[in-house]
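J.: need coordinates for the following:
(one chain, ligands or ions: 1)
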Amino acid sequence: MRRAASVGDYRALARARLPHFLFEYLDGGSYDEVTLRRNVEDLQSIALRQRVLRDVSNIDLSAELFGKRWAMPVGLGPVGLAGLYARRGEVQAAKAAAAANVPMALSTVSGCSLREVAASGHIPWYQLYFVKDRGFVESMIETAAEVGCGALVLTVDLAVPGSRYRDYRAAGGGLKRMTQLAARPAWLWDVGIRGRPISLGNLEPIVGSRAPLSDFQAWIHANFDPSVSWKDVEWVRSKWKRPLVIKGILDPEDARAAMDSGADGIVVSNHGGRQLDGTSSTARALPNVADAISGRLPVLADGGVRSGLDVVRMLALGADFVLLGRAWAYALAARGGSGVAHALRLIDAEMRVAMALTACTSIADINEAILERSANQATF
Ligand SMILES: Cc1cc2nc3c(=O)[nH]c(=O)nc-3n(C[C@H](O)[C@H](O)[C@H](O)COP(=O)(O)O)c2cc1C
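T.: This is a model prediction of the structure:
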């Protein structure tokens, strides 16, 4: 396949381009991948209520978030190691996001550092993890403020890492790794050789210039902090004056606690089914969380979004803004920044069709009334 018509096509292209261990890291979820499948399937199973003859000649996708008007209520969520999917991958993705006027959140565990991405002239949001070294956490908050990040996304669902069987099976040093790399010569030349240095840019002060790729999960286990609590969120709040978004909320009580801790937004997320396998899909969790927030904060959501139709479904379930995860990363792996730009155009076009045929001409028109109640009763 040479041309991608959909995010699903980009997944197939990414599989063909990336070394096996890297594709497994990107594509996989934790344990039996129950939650990963639920995210995708629950969202796709939501029936939309088709309406006709409503003059949908002018559709406005734009949406405001944190004082800025974006081209659509869609952003690139934080995806670790994206700098390895394409040459200096996060810089390419940030350029594509900026050109499309959508936000991008740079992961703590990115290949390119926040300073490298910011130096390209496209300032991302910054996604923060709590590592045990709080001096480092504080220095990253300062860096994010210094380079002018528009929001800090604090991810709170990785106090301990979930086990990912596919990573474990694909891992291995020496001959096994060499064989996987040799099977992907285009990637090896473009990223492995011309894309150097291969490191975790933001973490260089604590891990050095060599990425701990051979045992990334073990590194996370050793360095992420299971003692984190809402007190730490308050500590971050005291250090960071711009919009603070708590990512990894699935429960209405946690949503209320996030509000009490001074957050400016939340992301309803189960980490793309990469953490606690067996949780609800985000599509199922979202309506109750949105009810608990009841318009007091922006509610962002992610998990299983593979098309513009899925974006519209998330908005109808109560999200104000939707983050892509694997969807943009597959496109980056397959075609670099131009793949990300194309994937965003696909999402735009698919949203327009979904909105036209549910009689919505603006994002504000999208609500649960565009869902087919009787068809969705079985699952929601
Ligand atoms: C390969 C990969 C790496 C990820 N790395 C991070 C990360 O560094 N920080 C974070 O907050 N979320 C991370 N996530 C979770 C995403 O931000 C998002 O919640 C999830 O991918 C949404 O599910 P979806 O990919 O099925 O759409 C990662 C997800 C994937 C697939």
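J.: now for the helix or strand where residue 353 lies, which elements pack on it?
T.: For residue 353, the host element (DSSP states H and E) is helix 326-356. Packing partners of helix 326-356 (3 or more CB pairs under 8 Å, 6 or more residues apart in numbering; DSSP states H and E): helix 7-17, helix 20-27, strand 74-76, helix 89-100, helix 308-316. C-beta: built from backbone N, CA, C; applies to glycine.
J.: show the average pLDDT along that helix.
T.: The pLDDT scores in helix 326-356 average 98.
J.: likewise stretch 94-113?
T.: 97.
J.: ok now it, how far from the chain's centre?
T.: 10 Å (CA atoms, centre = their mean, to the nearest Å).
J.: just the terminal-to-terminal distance for that stretch.
T.: With CA to CA, to the nearest Å as the measure, stretch 94-113 spans 12 Å from end to end.
J.: what angle separates the helix holding residue 353 from helix 308-316?
T.: Relative orientation of helix 326-356 versus helix 308-316 (axes from the mean of the first three to the mean of the last three CA atoms, to 10 degrees): 70 degrees.
J.: check whether helix 326-356 contacts the ligand.
T.: Yes: using CB under 6 Å from any ligand atom, helix 326-356 reaches the ligand at 326-327.
J.: flag every buried residue along that helix.
T.: In terms of neighbour count (16 or more other CB atoms under 10 Å), helix 326-356 has its buried residues at 326-337, 339-344, 346-348, 350-352, 354-356.
J.: and residue 206, what is it in contact with?
T.: Counting by CB atoms under 8 Å, 6 or more residues apart in numbering, residue 206 touches 131, 133, 136, 223.
J.: if you could redo that for residue 311, that was the one I meant.
T.: 72-74, 305, 322, 347, 350-351, 354.
J.: make it 10 Å
T.: The contact partners of residue 311, by CB atoms under 10 Å, 6 or more residues apart in numbering, come to 43, 61, 72-74, 301, 305, 319, 321-324, 327, 347-348, 350-351, 354-355, 363, 366.
J.: can you check residue 223 too?
T.: Applying CB under 10 Å, 6+ apart, the residues near residue 223 are 129-133, 136, 203, 206-207, 212.
J.: what's the neighbour count on the residue in the chain positioned nearest to the ligand?
T.: The chain approaches the ligand most closely through residue 325 (2.1 Å), counting by CB to the nearest ligand atom. Residue 325 has 23 neighbours, counted by other CB atoms under 10 Å.
J.: any idea how far residue 192 is from it?
T.: 24 Å (CB to CB, to the nearest Å).
J.: can you confirm residue 64 is in a strand?
T.: Yes: using DSSP: H, G, I helix; E, B strand; the rest coil, the assignment for residue 64 is a strand.
J.: so it bridges to which residues?
T.: Applying DSSP bridges to residue 64 yields these beta-bridge partners: residue 69.
J.: ok, it touching residue 73?
T.: Yes: using CB atoms under 10 Å, residue 64 is in contact with residue 73, at 8.9 Å.
J.: next, show the common contact partners of those two.
T.: By CB under 10 Å, 6+ apart, the residues touching both residue 64 and residue 73 are 298, 320-321, 363.
J.: just those residues that are near the ligand?
T.: Applying CB under 6 Å from any ligand atom to the shared contacts of residue 64 and residue 73, none is adjacent to the ligand.
J.: most neighbours among those residues, which one is it?
T.: residue 321 (27 neighbours).
J.: quick check: pLDDT value at residue 377.
T.: Residue 377 carries a pLDDT score of 64 in this model.
J.: returning to that earlier point: adding pLDDT, write the shared contacts of residue 64 and residue 73 out as TSV.
T.: As requested, the shared contacts of residue 64 and residue 73 are exported to TSV (pLDDT from 0 to 100):
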residue	pLDDT
298	98
320	98
321	99
363	98
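J.: look up phi and psi at residue 126.
T.: Note on residue 126: its backbone torsions stand at phi -120, psi 130 [degrees, to the nearest 10].
J.: on that earlier part again, gap between the residue of the chain closest to the ligand and residue 145?
T.: 26 Å.
J.: again, but for residue 273
T.: Taking CB to CB, one finds residue 273 at 32 Å from residue 145.
J.: and if you look at residue 230?
T.: 22 Å.
J.: now residue 366
T.: From residue 366 to residue 145 the distance is 34 Å (CB to CB).
J.: of these two, who's got more company?
T.: Higher neighbour count among residue 366 and residue 145: residue 366, with 23 against 15, using other CB under 10 Å.
J.: quick one, strands of the stretch 51-200 of the chain?
T.: 63-65, 68-70, 74-76, 105-106, 125-128, 152-155 (DSSP state E, counting those that start in this stretch).
J.: alright, I will stop here.
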